[in-house]
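A.B. asks: sequence and predicted model, in that order:
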Amino acid sequence: MTKRKILLLVAFTILMLLCVVLWPSIETVVTGFPEILLGQVALARETKPPSAEAYQSAEFVLKQVAFSEIEQAFYIPLHDDVLFWDPWYAGFPRTELNEGEIRTTQQYLTTGRLFYQNPDGNSYQCVTRTSVQEPRLETCAEGEQYMNQYVAYQWDATQNHTVGVLQFFLMDGQLAEIRVYSSEDGIAYTPYEMSGGWWLDGVANSSPMLEELSSRATLQPIATLWPELTADQANARAAQIIGKRYLLAVQIIQDSPTVGEIFGPLQEIRPAIGKNLSSSWMDSNSVFLTFRVLGTRGEGAVIIEGNECFHLQIVFQGIPIDGGASEVCP
């Protein structure tokens, strides 16, 4: 073997070793760009929250999303008015809507009574629609009546555990998500948006549609990151990306009396497909992590988020656990 070939072989070997050593760092940078420039690290691309621009929820109820743009739709019965599980809702049951149901639901939501409460809390604007003009907000006397209906329907749905969410996945990775509160007297709904000047609410006449969709909802196994790896391997990989605070979160789940009481003796903890982020900025070093947890009593999902103290939320066998939320300060 010539000296040149030996040098090339040595150089190639060194390059391969560097790739093996640096791969987790390279993967982290590629996955987290550009948010990583602001100190935010994601476990994987599928665990990064959608951007504010991706949400088309207000546009959806304002008839600005064509039916042809809808690629898939689901109804997710949440049972209670939960926070922070969107848009993945790991561990919740769901129903996929067929084409006819999508058309009916879109028509239903776009013909409801949409209104906006002004910052003064006393005056309202309502959405007006004409065949030749874009929807617009105009001062309306009916706004207070709509708000009273909204609050009443929302209260009934919360008490009767009939809160749900409609998700419409659109072309180009966009999403319309509508939180719905179903009662016997009517339905209240709110399009979820991360930005924009119109924070709309809506009310509509009662309909058996949501009850029918809820009755068909099924619980699927919780999707996990890197399913080809064992739980220990997946957790080790996540710890390489997030750091020691990931392993601390796993330990918090293992040590939690609440988790043990709900799940029974734990068999497996691993990262689930859901929001999985670490954020470091100034003196803050917070995490938001979603786990699939398996115990002798069944499967569920656990969210852990916080900085110095950590807040836990639990969904077990498709139902958010009342009193299952707790705070741990290690």
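C.D. replies: In hand now; what should we look at?
A.B. asks: show me the contacts for Ser279.
C.D. replies: Taking CB atoms under 8 Å, 6 or more residues apart in numbering, we find Ser279 in contact with Gly39, Gln40, Val41, Asn285, Ser286, Val287, Phe288. Where you see a C-beta, it was placed from the backbone N, CA and C, and this is true even at glycine.
A.B. asks: of those residues, which is the nearest to Ile102?
C.D. replies: Ile102 lies nearest to Phe288 out of these, by CB to CB, at 31.2 Å.
A.B. asks: what's the burial count for the closest one?
C.D. replies: The local packing count at Phe288 equals 19, with neighbours defined by other CB atoms under 10 Å.
A.B. asks: quick one, what contacts it?
C.D. replies: Going by CB under 8 Å, 6+ apart, the list of residues near Phe288 reads Phe84, Lys275, Asn276, Leu277, Ser279, Ile303, Ile304, Glu305.
A.B. asks: ok, so of the residues you listed, who is nearest Val328?
C.D. replies: The closest of these, once distances to Val328 are taken by CB to CB, is Ile304, at 8.5 Å.
A.B. asks: circling back to that earlier point, would you list the buried entries among the contacts of Phe288?
C.D. replies: Using 16 or more other CB atoms under 10 Å as the burial test, these include Lys275, Asn276, Leu277, Ser279, Ile303, Ile304, Glu305 as buried.
A.B. asks: paired strands for the longest strand along the chain, with orientation please.
C.D. replies: Longest strand in the chain, counting residues (DSSP state E): strand 284-295. Strands that pair with strand 284-295, judged by DSSP bridges, come out as strand 266-271 (antiparallel), strand 277-281 (antiparallel), strand 298-306 (antiparallel).
A.B. asks: Ile76: which of these is closest?
C.D. replies: The minimum distance between Ile76 and those falls on strand 298-306, with 13.0 Å, by CB to CB.
A.B. asks: shouldn't Trp85 be in contact with Val315?
C.D. replies: Yes. Between Trp85 and Val315 a contact is recorded at 7.4 Å, counting by CB atoms under 8 Å.
A.B. asks: so which of the contacts of Ser279 wins on neighbours?
C.D. replies: For the contacts of Ser279, neighbours tallied by other CB under 10 Å; top is Val287, 21 neighbours.
A.B. asks: identify the bridge partners of it.
C.D. replies: Note on Val287: beta-bridge partners by DSSP bridges are Ser278, Gly306.
A.B. asks: then Glu299?
C.D. replies: With DSSP bridges as the rule, Glu299 is bridged to Leu294.
A.B. asks: my read: it touches Ile222, true?
C.D. replies: Yes. Counting by CB under 8 Å, Glu299 sits close enough to Ile222 to count as a contact (6.2 Å).
A.B. asks: what's the burial count for Asp86?
C.D. replies: By other CB under 10 Å, 19 other residues sit near Asp86.
A.B. asks: what residues does it make contact with?
C.D. replies: The neighbours of Asp86, taking CB under 8 Å, 6+ apart as the test, are Val165, Glu177, Tyr192.
A.B. asks: what does Ile262 give?
C.D. replies: With contacts taken as CB under 8 Å, 6+ apart, Ile262 has the following neighbours: Gly295, Arg297, Gly300, Ile314, Phe316, Ile321, Gly324.
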